[in-house]
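Participant: Kindly return the folded structure for what I paste below:
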Amino acid sequence: MLNQLEQPAPQGKTALLQLGFRPFFAGAAIFSILSMLAWSGLYVFNMHWYQATLPAVTWHAHEMVYGYGLAVIAGFLLTAVKNWTGVQTLRGVPLLLLFLLWLAGRLLLAAGDRVPLGLAAAADCLFIALLVVAVACPIVRVRQWQQLGILSKLVLLFASNAVFYAGALNLLPGGTRIGLYSGVYLIMALIFVMARRVLPFFIQNAVDSKISLQNRNWLDIASLLLFLIFWAADIITPDSLPVAVLAGTLCILHAIRLADWFTPAIFLKPLLWVLYLGYAALVAGFALKAAVVAAGVSPFIALHAFTYGGIGLFTLGMMTRVTLGHTGRNVSEPPAMMSWIFTGIVAGTVIRVLLPLIAPLHYSLWMGLSQALWIAAFGLFLAICLPMLVQPRIDGRPG
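Facilitator: Purely as a prediction, here's the structure:
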């Protein structure tokens, strides 16, 4: 095991296939820009949707969850599992093949009527199945059974994507909605687990003053159980009174957790406040989900608090942190532009989620502005981080 970890640093000018975060973070960022450009053209500029396989809004939703979201998860887990277990994860040709399978799913689904939908479904589901195997093998090898919770969520993402395609192929009524919302909630569940593991640690180690952050065992258990019930309730009886009550309760529980982790010093560290505000956007999403019943708020407002704000901010923050840390750079001193990139997604969240509540007549304008901010933010992220992702570590270490 130690011999695997201490192999010589790769020679040459590129290290793109040395560790999972490199190709998958690059692919996720590029794809998020292209898919958002396409969605902007369709929604704001009324471009013709060229395929009959999926409605445009369904394609957009699926690709942001299972295209962008799964790419970030793949890159993160293939990198983190190596750290957790000490076992080398995919690299070189096997990593390239897994990445190309993810890419094939994107291209085949985008091809629409030109290829059978079943072919896109097969490639997409095979990608997640092989990702499960790639993540599971090191965990099982060293018997780190505490990681099975994360692995189970990955298995459920595979099942949820299969359910989506079953619905799209008219094999399961309502399958597309079940698959999409389950995908969103499973990614949220992964964020909650990882935030609980790392965010207090990041805060305590990064702020200049000595602090002790509180974690409550009862809150961990209650928030997990209630979230599982919330997920099931929103699938069975969408936006009903029980869903609103559960969402309101989860809002309170996660707000308590945020309060336990708060210190004003986080706002001096961009790689802290982006994660903290991403978590806060998920909490706001629960409040808005309750407001669907209590105040007649559109359920799509709550959904985009979860996705654009919560998942968008948290994944962008984690991609930046992992990229800096695993290329030998100082995560405490990120490039100055990163603050503006994160601010762009925060501003886009406000425009996409809050302004439609205040001025709903300008909904298309708010959509267009939030899309433009997303595209600009990820474009700048690529400009800064893509060279880091393709070049060897600056400290000469492998990875």
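
Participant: just so I have it, where are all the helices in the stretch 51-200 of the chain?
Facilitator: Counting by DSSP state H, counting those that start in this stretch, the stretch 51-200 of the chain has helices at residues 56-62, 70-85, 92-110, 117-141, 148-168, 175-206.

Participant: Deepest-packed of those helices, please.
Facilitator: helix 70-85 (a mean of 23; mean count of other CB atoms under 10 Å). (C-beta placed from N, C-alpha, C; glycine too.)

Participant: CA atoms only: put that helix into PDB for me.
Facilitator: The C-alpha coordinates for helix 70-85 follow below in PDB (Å, rounded to 0.1, in the frame of the first residue of the first chain):
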ATOM      1  CA  LEU A  70     -22.100  13.200 -10.900                       C
ATOM      2  CA  ALA A  71     -18.900  14.400 -12.600                       C
ATOM      3  CA  VAL A  72     -18.100  16.400  -9.500                       C
ATOM      4  CA  ILE A  73     -18.900  13.500  -7.200                       C
ATOM      5  CA  ALA A  74     -16.800  11.100  -9.300                       C
ATOM      6  CA  GLY A  75     -13.800  13.400  -9.200                       C
ATOM      7  CA  PHE A  76     -14.200  14.000  -5.400                       C
ATOM      8  CA  LEU A  77     -14.700  10.400  -4.400                       C
ATOM      9  CA  LEU A  78     -12.000   9.000  -6.600                       C
ATOM     10  CA  THR A  79      -9.600  11.400  -4.900                       C
ATOM     11  CA  ALA A  80     -10.900  11.200  -1.400                       C
ATOM     12  CA  VAL A  81     -11.100   7.400  -1.200                       C
ATOM     13  CA  LYS A  82      -7.400   7.300  -2.000                       C
ATOM     14  CA  ASN A  83      -6.800   9.500   1.000                       C
ATOM     15  CA  TRP A  84      -9.200   7.600   3.300                       C
ATOM     16  CA  THR A  85      -8.000   4.100   2.400                       C
END
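
Participant: Report the distance from it to the chain centre.
Facilitator: The chain centroid and the centroid of helix 70-85 are separated by 12 Å under CA atoms, centre = their mean, to the nearest Å.

Participant: Please report how far the residue nearest the centre of the chain lies from residue 291.
Facilitator: Compute the mean C-alpha point of the chain, and by CA atoms, centre = their mean the closest residue is residue 69, 4.2 Å away. Distance of residue 69 to residue 291, computed by CB to CB, to the nearest Å: 25 Å.

Participant: related to what we said a few turns ago, what's the nearest residue to the residue nearest to the centre of the chain if we skip its chain neighbours?
Facilitator: Excluding the flanking residues, the one nearest residue 69 by CB to CB, 6 or more residues apart in numbering is residue 187, at 5.1 Å.

Participant: Fine by me, we can end here.
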